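>>> With the sequence up front, the predicted model follows.
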Amino acid sequence: MARWNSEDVVKRFLAAEDRRDYDEAVMMLDPEFVEYTPAAQQPIKGREAMRRAEVQGNEPYFEAFSNVQRKILNIMTKSDMVALELMYTGTFERPLETPERTIPPTGSRCELRYAEFYRVNPDGLIAEAHVYLDTAGFFRQLGPKA
């Protein structure tokens with residue numbers, strides 16, 4: 001019998017991300033970890049690639065938004081699979097630097113709803129993640145210059 005619970009493993013991973021402790025977060029990943037996300041052109045493979053993706057993908061948003069909070073809206077676990085519906089909220093107070101352009105701040109409160117699906121391996125490490133983001137809804141909230 002496993003000494004870990006899949007839901008607890010994923011929640012610890014998310015808590016490390018929320019603290020922006022990417023070193024701790026990636027140690028919770030299987031060395032052969034793969035993440036599938038529309039935010040990346042190809043699957044993110046391995047711990048170091050995930051660490052780079054976390055920093056490059058998340059930090060511009062943490063810089064642009066104050067009071068950022070993530071809330072788990074729903075969570076379902078079955079054996080090694082964990083499914084979550086989540087929401088980030090924050091206030092858009094500083095310019096958002098994207099690869100395409102810089103979006104000026106509006107001072108508005110914004111939210112990003114998304115879903116994540118995780119598979120935890122027999123060693124209690126996250127082996128796979130699938131991420132689905134409502135980017136269209138999010139960018140609509142950023143104002144006409146987004």
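Happy to help now that I have it.

>>> Pairing partners for residue 110 in the sheet, please.
Under DSSP bridges, the beta-bridge partners of residue 110 are residue 90.

>>> Quick check: residue 55 touching residue 22?
Yes: with contact defined as Cβ atoms under 8 Å, residue 55 reaches residue 22; the gap is 6.2 Å. Just so you know, the C-beta spots here come from the backbone N, C-alpha and C atoms, and that holds for glycine as well.

>>> Comparing the two, which residue is more hemmed in?
residue 22 (19 against 12; other Cβ atoms under 10 Å).

>>> Confirm for me that the more buried one is in contact with residue 56.
No: the pair residue 22 and residue 56 fails to qualify as a contact (Cβ under 8 Å) at a distance of 10.8 Å.

>>> Please give the element, helix or strand, for residue 4.
Residue 4 belongs to no helix or strand when elements are defined using DSSP states H and E.

>>> neighbouring strands for the host helix or strand of residue 35, and are they parallel or not?
In the assignment (DSSP H and E), residue 35 maps to strand 29-36. Paired with strand 29-36 in the same sheet, following DSSP bridges, are strand 44-45 (antiparallel), strand 126-133 (parallel).

>>> can you list contacts of it?
13, 43-47, 50, 53, 121, 123, 125-131 (Cβ atoms under 8 Å, 6 or more residues apart in numbering).

>>> quick one: the helices in the protein?
6-18, 22-27, 47-64, 135-141 (DSSP state H).

>>> closest to residue 85 out of the ones you listed?
Across the helices of the chain, residue 85 has its closest neighbour in helix 6-18 (12.8 Å, Cβ to Cβ).

>>> Taking helix 47-64 as reference, get the angle to the closest one.
60 degrees (axes from the mean of the first three to the mean of the last three Cα atoms, to 10 degrees).

>>> Okay, buried residues for helix 6-18 please.
6-7, 9-10, 13-14, 16-17 (16 or more other Cβ atoms under 10 Å).

>>> coming back round to it: for the helices of the chain, which one sits closest to residue 105?
Of the helices of the chain, nearest to residue 105 by Cβ to Cβ is helix 47-64, at 6.8 Å.
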